[in-house]
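Peer 1: Test case, fold it:
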Amino acid sequence: MKTYTFHVSGTHCASCKILIEDVLNEQPFVKNSQVNLKKETVTVETESDQSPETIAQMLTEKIKPNGYTLSVEKIIQEKKSDDVIWKAIPIGLVFLVLFFMLQKSGILNLGIGGKTTPTTSFIIGLIASVSSCLAIVGGLILSLSAKVAQDENTKTSKKQFVLFHGGRLLGFAVLGGMLGLVGKAIGVTFTFSAILGLIASSVMILLGLNLVGIIKKNKVALPTRIFAYFRKIEHSTLAPILIGIGTFFLPCGFTQAMQVAALSSGSFTSGFLIMLSFALGTLPMLALLSFGSVSFAHSKHAPLFFKSAGIVVIGLGIFALLAGLAGLGIINPLFNI
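Peer 2: Purely as a prediction, here's the structure:
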C-alpha cells in the first residue's frame, strides 16, 4: 500500500470535499482518500504501481468535469482579479441603479430604518445560493445524495430531494414567522428595529466584501461528523424533511442577516414572507445541485459573477445601513424613503 499527497485546485467548501472523496473512493485502485480543505491537498492510499504523476492524471480525469484537478506540485494560478473587478463594478452598479429606481417607485421599498422586503430577501437569497449557502447547505445535499444514490429507484431518490427542499421552505417560512412573533413579544420598538437593521446591514457589507475578495476568510465547512451522520439516515419520509427544516439553524451569514430582519419585523406575516422569499431565492441553485451536479462555482464566469454579486450586496448593505442611520436621526435621509 502506497500513500500519496496531491495538491487539489478548485475546492472552496465542504461540498467539494464530499464530492472529491466520493469520486476518488469509487476508483478500483484507490483504497481511501482524504481531502484537506485548508491545505488544499488530497491524500490517496493506493495499491497502484503507477507513478504519482500518472495517478494524479488518472484521478484528475475523473474529477475534472466537476472543476477540480490534482497535481504532484502545487499549481500557481495567475489571478487576474484586477481585470475581473473592473468588469464586475459596472455590472454591479447597473443592477443597483435599476434596484434604486424600482425602490424609488415604491416597488422595492426597503422602508425607513432599513426594513427588508420579501423582494429584497429573494434577491439576497439568489446571491447567497451560489456562495455561503452553496458551501454549507450544498454539503448536506451532497451527503444526502451519497445516501439516496444507492437507491436504484429513481423516483424514490428524487422524492428525497423534493421532501428536503419542501421541508426547507416550510421550515424557513414558519420559523421566520416565529422570529417575527418573538420580536413582537419582546416589544421591538422603532429604535430597536433600526439597530437590528444596522446589524443586518453590517453583516451584508462584510459578506459582500468577502465575495469581492477584499476580506479573506477561511473556507466554510461544517464538522465532518455532521455529514457522516446524514449519510447514515435511512430512506424515510420524515428524515429529509427534518434535515431541510434544520438548515434554518446552519451558520450562514446571509441567513443570519435575514433572521435578524425577520426578528425586527415584529410580525408573523412579515417574518414568514421574509424568510420564505429568502429560501425561494436559494432554491434554484440548490435544486440544480440536487438533481444534477452543478459546477458553476468553478466555471470561468464564476469570478466575475461572485465579484458582481459582491458589489450588489455591498450596495444593498450600504443603502440599508444609511436608511437605518436616517431612521435613528443620526444622518439626514439621502433618499426620499
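Peer 1: Can you tell me the element the closest residue to Ala309 other than its chain neighbours falls in?
Peer 2: If you skip the residues right next to it in sequence, Ala309 has Ile127 as its closest partner in space, 4.6 Å away by CB to CB, 6 or more residues apart in numbering. For the C-beta atoms, the positions are set from N, CA and C on the backbone; glycine is no exception. In this structure, Ile127 sits in helix 118-128 according to DSSP states H and E.
Peer 1: I'd like to know how far Pro303 sits from Leu37.
Peer 2: Remark: distance between Pro303 and Leu37 (CB to CB, to the nearest Å) = 19 Å.
Peer 1: Same question for Phe192.
Peer 2: 39 Å.
Peer 1: who's more crowded, these two?
Peer 2: Residue environment comparison for Phe192 versus Leu37 gives the larger neighbour count to Leu37, 19 against 15, counting by other CB atoms under 10 Å.
Peer 1: Just want the phi and psi numbers for that one.
Peer 2: The phi and psi torsions at Leu37 (degrees, to the nearest 10) take the values phi -60, psi -40.
Peer 1: about what we covered before: which ones are touching the residue nearest to Ala309?
Peer 2: By CB atoms under 8 Å, 6 or more residues apart in numbering, the contact list for Ile127 reads Leu211, Phe254, Gly281, Ala309, Val312, Val313.
Peer 1: Check the gap between the first one and Ile127 for me.
Peer 2: Taking CB to CB as the criterion, Leu211 is separated from Ile127 by 8 Å.
Peer 1: Give me the common contacts of the two.
Peer 2: Ala309, Val313.
Peer 1: Give the rounded mean pLDDT of the helix or strand harbouring Ile18.
Peer 2: Applying DSSP H and E as the criterion places Ile18 in helix 14-25. In this model, helix 14-25 has a mean pLDDT of 78.
Peer 1: what element comes up after the helix or strand bottoming out on mean pLDDT in the chain heading to the C-terminus?
Peer 2: Of all regular secondary-structure elements in the chain, judged by mean pLDDT, DSSP states H and E, the least confident is helix 224-231 with a mean of 53. Once helix 224-231 ends, the next helix or strand along the chain (criterion: DSSP H and E) is helix 238-246.
Peer 1: other SSEs contacting the helix holding Ile18?
Peer 2: Applying 3 or more CB pairs under 8 Å, 6 or more residues apart in numbering; DSSP states H and E, one finds that helix 14-25 makes contact with strand 30-36, strand 41-46, helix 52-63, helix 132-148, helix 224-231.
Peer 1: orientation of the third one relative to helix 14-25 in degrees?
Peer 2: Here helix 52-63 runs at an angle of 120 degrees relative to helix 14-25 (axes from the mean of the first three to the mean of the last three CA atoms, to 10 degrees).
Peer 1: Can you tell me which helices and strands the helix or strand just after helix 52-63 packs against?
Peer 2: As assigned by DSSP H and E, the chain's next helix or strand after helix 52-63 is strand 69-71. Strand 69-71 sits against strand 2-9, helix 52-63, with contacts defined as 3+ CB pairs under 8 Å, 6+ apart.
Peer 1: To Val23, which of these lies closest?
Peer 2: The closest approach between Val23 and any of the helices and strands packed on strand 69-71, judged by CB to CB, belongs to helix 52-63 at 5.3 Å.
Peer 1: Show me what counts as buried in that closest one.
Peer 2: Across helix 52-63, burial judged by 16 or more other CB atoms under 10 Å covers Pro52, Ile55, Ala56, Met58, Leu59, Thr60, Lys62, Ile63.
Peer 1: I'd like those residues written out as a markdown table, with distance to Lys87 added.
Peer 2: Compiled in a markdown table, these are given as follows (distance: CB to CB, whole Å):
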| residue | distance to Lys87 |
| --- | --- |
| Pro52 | 38 |
| Ile55 | 38 |
| Ala56 | 33 |
| Met58 | 37 |
| Leu59 | 34 |
| Thr60 | 29 |
| Lys62 | 33 |
| Ile63 | 29 |
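Peer 1: Need the residues you listed in a markdown table (columns: pLDDT).
Peer 2: Conversion of those to a markdown table gives the following (pLDDT from 0 to 100):
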| residue | pLDDT |
| --- | --- |
| Pro52 | 88 |
| Ile55 | 91 |
| Ala56 | 89 |
| Met58 | 90 |
| Leu59 | 91 |
| Thr60 | 90 |
| Lys62 | 86 |
| Ile63 | 84 |
